[in-house]
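Engineer: Structure of the sequence below:
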Amino acid sequence: MHFIMLGFLLLLVIYGPQFWARTTFKRYSAPSPHFPGTGGELARHLLDKFDLQNVGVEISDIGDHYDPDAKTVRLSPDNYDKKSLTAITVAAHEVGHAVQDAQNHPMLTLRSKLVRIAVRAEKMGSIAIIAIPFVTAISRAPSLGLLLFIVALGSMLISTIVHLVTLPVEWDASFGKALPVLKAGNFIDNKELKGAEKILRAAAFTYVAGSLASLLNLWRWIAVLRR
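Structural biologist: Numbers count the residues shown, from 1 in each chain. Reported below is the predicted structural model:
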């Protein structure tokens with residue numbers, strides 16, 4: 001019963017905010033001709049405004065994001081080509097990350113470093129999990145199996161830290177960068193302001209969900225270790 005409840009909670013935490021975000025994005029994705037440009041055009045305009053001509057803007061099939069290594073804002077086809085509240089809000093958010101990068105935002109810098117470490121740690125953790133039964137059977141030393149389990153647990157801990165560090169980075173890109181820019185530039189009116197806030201909040205909660213899911217998963221494995 002305990003694991004059933006935990007599983008249900010995990011599903012709720014992971015998929016609930018994602019469903020809310022998709023619903024919110026769709027609600028404000030209708031084309032609005034009164035916007036002066038598409039999401040892609042707004043991203044280019046804002047980058048130039050912040051003197052970030054070295055940052056590119058591209059269409060992406062793997063979701064909206066800013067790539068700090070390639071110095072590129074990448075937007076999904078709809079958000080790149082459409083004139084909708086969702087498109088311009090998401091574009092402003094991703095530009096917010098580019099501004100953070102240019103300003104050497106400490107949390108973004110920390111997150112980028114942790115992501116590189118997490119990628120390597122995840123590979124080590126996966127190998128450790130697979131190796132546990134073989135190493136334990138061959139060596140007949142449970143302590144070696146426990147050591148490998150701790151290595152795998154460490155990789156999960158790093159992933160959890162990445163999720164937690166991501167939260168303030170995303171919140172600042174949304175409410176410290178994107179929303180003030182949209183207001184100051186009169187890109188949206190007062191009626192659309194609430195919609196933009198909902199879009200940014202819904203997007204932020206997907207990262208909250210990711211952090212909670214990561215913490216729950218880490219707690220589950222720690223519980224296994226304590227047994």
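Engineer: quick one, phi psi at the residue of the chain most remote from its centre?
Structural biologist: In the chain, counting by CA atoms, centre = their mean, Arg140 sits farthest out from the average C-alpha position, at 42.0 Å. Dihedral pair for Arg140: phi 50, psi 30, per degrees, to the nearest 10.
Engineer: repeat for Ser60
Structural biologist: phi -130, psi 140.
Engineer: pLDDT at Leu9, what is it?
Structural biologist: In this model, Leu9 is scored at 64, pLDDT.
Engineer: should've said Pro77
Structural biologist: The model's pLDDT for Pro77 equals 96.
Engineer: Contact partners for the nearest residue to it once chain neighbours are set aside?
Structural biologist: Excluding the flanking residues, the one nearest Pro77 by CB to CB, 6 or more residues apart in numbering is Ile59, at 5.6 Å. Quick note: C-beta positions are derived from backbone N, CA and C, even for glycine. By CB atoms under 8 Å, 6 or more residues apart in numbering, the contact list for Ile59 reads Gly40, Arg74, Leu75, Ser76, Pro77, Tyr80, Asp81.
Engineer: any idea what sits nearest the fourth one, other than its immediate chain neighbours?
Structural biologist: This points to Ser76. Asp64 (5.5 Å).
Engineer: So the one you found sits against Pro77, correct?
Structural biologist: No: contact criterion CB atoms under 8 Å: Asp64 and Pro77 do not qualify, at 10.5 Å.
Engineer: on that earlier part again, distance of the residue farthest from the centre of the chain relative to Ser32?
Structural biologist: Distance, Arg140 to Ser32, using CB to CB, to the nearest Å: 68 Å.
Engineer: Thank you kindly, that will do.
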